[in-house]
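> sequence and predicted structure below; questions after.
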Amino acid sequence: MTVPTRADATRARLLEAAVTAFSEKGFHGTTTRDIAGAAGMSPAAVYVHHKSKEELLFLISEAGHREALDVLRQARAGATDPVAQLADAARAFAEFHAHHHTVARILNYELAALSDEHRAEIDVLRRGIDNELRELVREGVAAGVFDTPDPALAATALASMGVDIARWYRDDGEWTPDQIGAYYSDLALRLVGVSARSGSSSC
């Protein structure tokens with residue numbers, strides 16, 4: 001097991017500070033001085049550990065998108081039939097966006113600030129998320145357990161539902177991540193034509 005170095009800890013502090021600053025002021029409204037101040041460091045410290053403010057945004061975006069993709073893949077791997085897979089995937093995806101709503105807002109609203117090279121890397125991960133959902137819906141249709149006229153559009157709707165949680169969710173809001181996850185799990189099944197009664201017992 002690799003032991004984190006002091007430099008690793010400093011980079012992590014700067015990333016956390018960048019998340020705070022970007023969420024409060026937006027990427028373009030944030031300065032490196034803002035990030036350094038939130039981390040309790042001098043502005044020069046940012047450039048010692050990161051090439052630019054944009055690199056910080058990319059690292060945040062890359063980590064967040066990879067985690068979202070892993071969430072879907074793990075949910076699919078944890079069940080054997082499409083109904084249970086979709087129920088679990090929708091629940092996990094919704095809970096991810098509730099638990100990580102601050103980061104998720106940055107992932108989806110600051111994409112245009114990435115360099116062309118970094119945006120291309122993020123787009124690969126975003127397509128991976130989309131492909132996981134499309135494959136899952138297509139498999140359910142092929143198995144005769146989903147009833148939707150446009151599997152690709154249904155998958156896009158499923159992704160949009162989960163992503164939008166980050167826009168409105170607040171830690172002191174009306175619903176907990178668990179409540180949201182359970183509701184979105186049932187909603188996902190209904191969206192592809194599976195009734196609550198015929199759905200997975202995991203709902």
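Nice, thanks for sending it over.
> where does the most centrally placed residue in the chain land on pLDDT?
Geometric centre of the chain, nearest residue: residue 68, 4.2 Å, by CA atoms, centre = their mean. As predicted, residue 68 sits at a pLDDT of 96.
> separation between it and residue 163?
9 Å (CB to CB, to the nearest Å). Quick note: C-beta positions are derived from backbone N, CA and C, even for glycine.
> joint contacts of those two?
97, 104 (CB atoms under 8 Å, 6 or more residues apart in numbering).
> re earlier: separation between the residue nearest to the centre of the chain and residue 123?
From residue 68 to residue 123 the distance is 14 Å (CB to CB).
> what do you get for residue 194?
31 Å.
> neighbour count for the two, which is higher?
residue 194 (23 against 13; other CB atoms under 10 Å).
> that one: which element?
Under the criterion DSSP states H and E, no helix or strand holds residue 194.
> quick check: closest non-adjacent residue to it.
residue 83 (5.8 Å; CB to CB, 6 or more residues apart in numbering).
> and that neighbour, how many neighbours?
21.
> same question for residue 176.
Residue 176 sits with 12 neighbouring residues when counted by other CB under 10 Å.
> which SSE is the closest residue in space to it that isn't next to it in sequence in?
Nearest residue to residue 176, sequence neighbours excluded (CB to CB, 6+ apart): residue 98, at 7.9 Å. According to DSSP H and E, residue 98 maps onto helix 82-99.
> name the nearest residue to residue 88, ignoring sequence neighbours.
That would be residue 75: by CB to CB, 6+ apart, it lies 4.3 Å from residue 88.
> isn't that neighbour up against residue 84?
No - counting by CB atoms under 8 Å, residue 75 stays clear of residue 84, with 9.4 Å between them.
> the more surrounded of these two?
Shown here are residue 75 and residue 84; by other CB under 10 Å, residue 75 has more neighbours (22 against 19).
> confidence score at that one?
95.
> so which bits of the helix or strand harbouring it are buried?
Using DSSP H and E, residue 75 falls within helix 53-77. Buried residues in helix 53-77, counting neighbours by 16 or more other CB atoms under 10 Å, are found at 53, 55-62, 64-65, 68-69, 71-72, 75-76.
> cool, and stretch 114-122?
Judged by neighbour count (16+ other CB under 10 Å), stretch 114-122 contains these buried residues: 114, 118, 122.
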